[in-house]
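Novice: Have a look; sequence and predicted model below, questions after that.
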Amino acid sequence: METEPLQTAEAFDTPTVRQQSVFIENQVGQLLRLTRLFEQTDIRILAVSVVYAVDCAICRMIVDDPDRAYDVLTQSGFQVSETELVVVSLPPGKRALLQTWAALLGGEISIHYTYPMLVQPRGRAALALLPDNLEQAVVVLRERNFEVLDQQALLDERSS
């Protein structure tokens, strides 16, 4: 019996952004050391969050060229892990966060963590977030007319 591969009417490509989590020792100057690695490159840090723990810190970063950044970091001896995130442009107005959280709650999406972008892709404030379900978060946000950005949109930011 021959079987044909299953096909769907429309492919769904989840627009995600790669976050790099770098483990650094809790010592004076480690964050500066980490940041200086990119000084001689054209790699830009587009978002950053540092989470303190007793014996180390985790520096979560979004950069415009994650492949090259990964190489720079690992060649310098840093331990790096990568995670896919959703980056969403915030709607205009003073209730942007309220609207974003309400949209995600309406879709029964939980957020593990979030942090703001340092740049404004396409001229608007944006948030990086790790939802409990990437694909469903994107569907919910798009259904409610939010703009979800992908890695290419952040790479395009380099020319800005």
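Specialist: Nice, I can see it. Numbering: from 1, shown residues only.

Novice: pLDDT score for the closest residue to residue 110 other than its chain neighbours?
Specialist: Of all residues not flanking residue 110 in the chain, residue 132 sits nearest, at 4.4 Å (CB to CB, 6 or more residues apart in numbering). C-beta coordinates here come from the backbone N, C-alpha and C atoms, glycine included. If you check residue 132, the pLDDT there is 96.

Novice: same deal with residue 145?
Specialist: On the pLDDT scale, residue 145 gets 95.

Novice: before we move on, back to that, who are the contact partners of the residue nearest to residue 110?
Specialist: 109, 110, 111, 112 (CB atoms under 8 Å, 6 or more residues apart in numbering).

Novice: So which of those residues are in strands?
Specialist: 111, 112 (DSSP state E).

Novice: So which of the contacts of residue 132 wins on neighbours?
Specialist: residue 109 (21 neighbours; other CB atoms under 10 Å).

Novice: so where's the chain shaky on pLDDT?
Specialist: 1-12, 156-160 (pLDDT under 70).

Novice: Please spell out which residues along the longest strand belonging to the chain are buried.
Specialist: When the chain is parsed with DSSP E, its longest strand is strand 79-89. Buried residues in strand 79-89, counted by 16 or more other CB atoms under 10 Å: 80, 85, 86, 87, 88, 89.

Novice: mind giving me the domain split of this structure?
Specialist: 17-84, 86-149 (automatic domain parsing).
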